[in-house]
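[1] Next comes the sequence, and after it the predicted model I'd like to discuss.
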2 protein chains.
Amino acid sequence: MKDARQRNGEVEASEKKEAEAEAAHENGRVSDVVLGLDGGATSTVCVCMPLLPFSDHDLADPPPVLARAVAGCSNHNSVGETASKNTLEQVMAETLCKSGSTWSAVRAVCLGVSGVNHPRDQERILKWLRDIFPSHVKLYVHNDALAALASGTMGKLHGCVLIAGTGCISYGFSKDGREARAAGAGPLLGDWGSGYGIAAQALSAVVKAHDGRGQQTMLTDTILKALGLSSPDELIGWTYADPSWARIAALVPEVVSCAEAGDQIANKILVEAVQELAVCVKAVARRLCLCGEDGNGSFPIVMVGGVLEGNKSWDIGKEVINCIHKQYPEAYPIRPKVEPAVGAALLAMNFLLKESERHHNS
Amino acid sequence: MKDARQRNGEVEASEKKEAEAEAAHENGRVSDVVLGLDGGATSTVCVCMPLLPFSDHDLADPPPVLARAVAGCSNHNSVGETASKNTLEQVMAETLCKSGSTWSAVRAVCLGVSGVNHPRDQERILKWLRDIFPSHVKLYVHNDALAALASGTMGKLHGCVLIAGTGCISYGFSKDGREARAAGAGPLLGDWGSGYGIAAQALSAVVKAHDGRGQQTMLTDTILKALGLSSPDELIGWTYADPSWARIAALVPEVVSCAEAGDQIANKILVEAVQELAVCVKAVARRLCLCGEDGNGSFPIVMVGGVLEGNKSWDIGKEVINCIHKQYPEAYPIRPKVEPAVGAALLAMNFLLKESERHHNS
């Protein structure tokens, strides 16, 4: 609980920031900036970008990144509320410091944070931000998938994003502003196409081959070697010593290399992951009617995350697209050229632009 | 790290206990006892039983339980080494106190502890016990599945046990002393027939129905009602707020009632769990050749754990046996009349008997 003194201190600080900002604008000293944040399962990235006058900037050609900072995980489901809040505040402070900007130069902040699954999550994070920023700063909080979508569409909110890294999620936006998501709930709740899901299936296959429940697989030697273990019996201790999702998901390259070498079990795991990932996108596309009534319209699928990076001959991302094309032949993949945090900053500008237009029209 | 004084104290205590035991035996004051422990995923049960002269006792008709005590989880993978050790020591002290026995009356201790998956685990726990008991006390440490097997076979080490509660494991012993296990490695490593596995699949089905990846299911309303939640979106927060296996596994009755009411998704989850559980037993039976070369010999399957208790019309335990009978028609189920801790105590007596016979014959 905050005491009254602290609360007064915050109000004073907030009033001071507003006064500073006003003075700075009047004197023309400060260039307006926006902050974009991408809070994933393992790290949080923040970028600071200049806010150009609305008429000047084209979101397809984004302004440069003034500064970038990286911090640890900010998912409140994983690290708790206090740690999550501290991480977000620190990474923004570091970015502003590196960019030579000040808190008072910030016009808008967009946070794409994993773990925002419910309006309540959104409201809670907005409340923290209101403690940091004065009231004229526009604040937007969304699931990190939205930032990833915007990183592929350069801030445009249309189409679908598929993220498959440690976890997986599909998130989409229709032209008329409806949104939908699939997966993104952790492997216990069905995200089996994720890096964690793929690696967990592989570990399970090794144990099953060892105890006689499943057929022998190349995964056994490959994974034991990668982990420096001598027997599948040791996998139990290894797994539960630290069941962090990212640590398990780091075994995906071993699964891919076994599948490339012709191992049937590894191949089956990847084929099933491809199905799971394709089903995520198809569920979102169907609910939002992303390719029109006839199913032949086109829409972008922004492909993000280590699992989808096609630098192997067994290309998970390519197979996912092939699978989606059977139902939606005009869907087209986009591999983003900027990172999700930049996507979040572009979203902030896009939202500001829309608010300004609404203001202008009213 | 123990300092020298503590270590000397322990040696002195141990010498004192040995002297006491010798004196007590000479004076005929103390009846010899054995301790049996069952350390599961959620609790640890200890029983104290009188050790009758070997010629007098028949393991099919076990001596009475003098005292019983219950403590929390003692799986070192779940609670850590120190907590596990303390729990084991305290629950034994309480049992002895309740029985009116003393440490010096203990002839043998058998611990069946979950999380003993490797000789190293066994050695570590034996070392703790050696700090507590003087050297003439016989100590046996095994996976808790062995105690469960003995609870059905009244101490005889032959056949197979299938445990399906929060977790699941199958464990078997052949007449010539070979042993084998399947599963028991946690759901991440393939224990999908467990209570946790069943409930996790059900939660996953609810999320998939909600986001358009899967078909609608009765599980949604049933599980949300049981948890007091209003939307599947809230399941993510509920699940990861406390992902303890037992809390998830507690949803199995909801899955069974949906399957009984005709829900296809719930039915499919249970059918798959039955397959997984039957495969565990079949893998152990095949490796140990439990029913002879022709596959028609008989062997007991001791059935333990909430998932297998057949008090519903959708009877998971019965279906598992039906599935096993297709391959091994002469396998026969045993539902134990005593608890696994008593099984552990009977094992202690059995091991003592064998050592005595070996001693006698040599």
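    Arrived safely.

[2] Find the nearest non-adjacent residue to the residue of chain A positioned farthest from its centre, please.
    Most distant residue from the mean C-alpha position of chain A: A:G212, 39.4 Å away (CA atoms, centre = their mean). With CB to CB, 6 or more residues apart in numbering or on different chains as the criterion, A:G212 has its nearest non-adjacent residue at 3.6 Å, and that residue is B:A283. To be clear about C-beta, it is placed using only N, CA and C from the backbone, and glycine gets the same treatment.

[3] helices or strands next to the host helix or strand of the one you found in the packing?
    Assigned by DSSP states H and E, B:A283 belongs to helix B:264-288. Applying 3 or more CB pairs under 8 Å, 6 or more residues apart in numbering or on different chains; DSSP states H and E, we find helix B:264-288 packed against strand B:159-164, strand B:168-173, strand B:179-183, helix B:195-211, helix B:252-260, helix B:316-325.

[4] Of all the residues in that helix, which ones are buried?
    Within helix B:264-288, the residues scored as buried using 16 or more other CB atoms under 10 Å in any protein chain shown are B:265-267, B:269-270, B:273-274, B:276-288.

[5] Then stretch A:227-240?
    For stretch A:227-240, a neighbour-count test (16+ other CB under 10 Å) marks A:227, A:232-240 as buried.

[6] And chain B, is stretch A:141-156 touching that?
    No. Stretch A:141-156 does not reach chain B (CB under 8 Å from any CB of the partner chain); its nearest approach is 11.3 Å.

[7] quick one: average confidence on that stretch?
    Average pLDDT, stretch A:141-156: 90.

[8] ok, now stretch A:243-252?
    When pLDDT is averaged along stretch A:243-252, the result is 90.

[9] got the contact list for it?
    The contact list for stretch A:243-252, computed with CB atoms under 8 Å, 6 or more residues apart in numbering or on different chains, reads A:41-42, A:165-167, A:186-187, A:194-196, A:198-200, A:202-203, A:223, A:226, A:239, A:306-307, B:188.

[10] end to end, how far does it reach?
    End-to-end distance for stretch A:243-252: 15 Å, by CA to CA, to the nearest Å.

[11] List the residues that contact the residue most central in space within chain A.
    In chain A, the C-alpha closest to the average C-alpha coordinate belongs to A:D144, at a distance of 3.6 Å (CA atoms, centre = their mean). Neighbour list for A:D144: A:38-40, A:112-114, A:116, A:163, A:340 [criterion: CB under 8 Å, 6+ apart].

[12] Return the subset of those residues lying in helices.
    In this view, the contacts of A:D144 that belong to helices under DSSP state H are A:P340.

[13] Return the residues in contact with A:Y332.
    By CB under 8 Å, 6+ apart, the contact set of A:Y332 is A:298-301.

[14] Residues of the stretch 151-300 of chain A that sit close to chain B?
    The stretch 151-300 of chain A comes close to chain B at residues A:180-183, A:185-186, A:188-190, A:200, A:203-205, A:207-208, A:211-213, A:233-237, A:239-241, A:243, A:248, A:279-280, A:283-284, A:286-287, as judged by CB under 8 Å from any CB.

[15] Which parts of chain A are strands?
    With DSSP state E as the criterion, chain A has strands at A:33-39, A:44-50, A:67-71, A:106-113, A:138-143, A:159-164, A:168-173, A:179-183, A:299-304, A:331-334.

[16] and the ones you listed, which is most packed in?
    Among the strands of chain A, ranked by average contacts under mean count of other CB atoms under 10 Å in any protein chain shown, first place goes to strand A:159-164 (a mean of 30).

[17] Would you mind giving me the confidence score for the residue nearest to A:G305 when sequence neighbours are not counted?
    Spatial nearest neighbour of A:G305, chain neighbours left out: A:G165 (3.6 Å); criterion: CB to CB, 6+ apart. pLDDT, A:G165: 91.

[18] What of A:A24?
    The model's pLDDT for A:A24 equals 47.

[19] before we move on, what about A:N311?
    67.

[20] picking up where we left off before, mind putting the contacts of A:Y332 in a markdown table, pLDDT and distance to B:L219 included?
    Output for these, formatted as a markdown table (pLDDT from 0 to 100; distance: CB to CB, whole Å):
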| residue | pLDDT | distance to B:L219 |
| --- | --- | --- |
| A:S298 | 94 | 36 |
| A:F299 | 95 | 32 |
| A:P300 | 96 | 34 |
| A:I301 | 98 | 30 |
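
[21] can you count the residues close to A:S151?
    A:S151 has 29 neighbouring residues, counting by other CB atoms under 10 Å in any protein chain shown.

[22] Pretty sure it sits against A:A345.
    No. At 9.6 Å, A:S151 and A:A345 do not qualify as touching, with contact defined as CB atoms under 8 Å.

[23] circling back: against B:A183, how distant is the residue farthest from the centre of chain A?
    According to CB to CB, to the nearest Å, A:G212 and B:A183 sit 10 Å apart.

[24] what's near enough to touch the residue lying closest to A:L129 once chain neighbours are set aside?
    With CB to CB, 6+ apart as the criterion, A:L129 has its nearest non-adjacent residue at 4.8 Å, and that residue is A:L139. Applying CB under 8 Å, 6+ apart to A:L139 gives the contacts A:108-109, A:111, A:126, A:129-130, A:133.

[25] so which of those residues comes closest to B:T82?
    Distance to B:T82 across these (CB to CB) is lowest for A:L111, with 40.4 Å.

[26] What's opposite the closest one in the beta bridge?
    Using DSSP bridges, the bridge partners assigned to A:L111 are A:L37, A:V141.

[27] so how far is chain B from it?
    According to CB to the nearest CB, to the nearest Å, A:L111 and chain B sit 18 Å apart.

[28] Now do the contacts for that residue.
    Contacts of A:L111 (CB under 8 Å, 6+ apart): A:37, A:39, A:88, A:125, A:129, A:139-142, A:344.

[29] 7 Å instead, please
    Residues counted as contacts of A:L111 (CB atoms under 7 Å, 6 or more residues apart in numbering or on different chains) are A:37, A:39, A:125, A:141, A:344.
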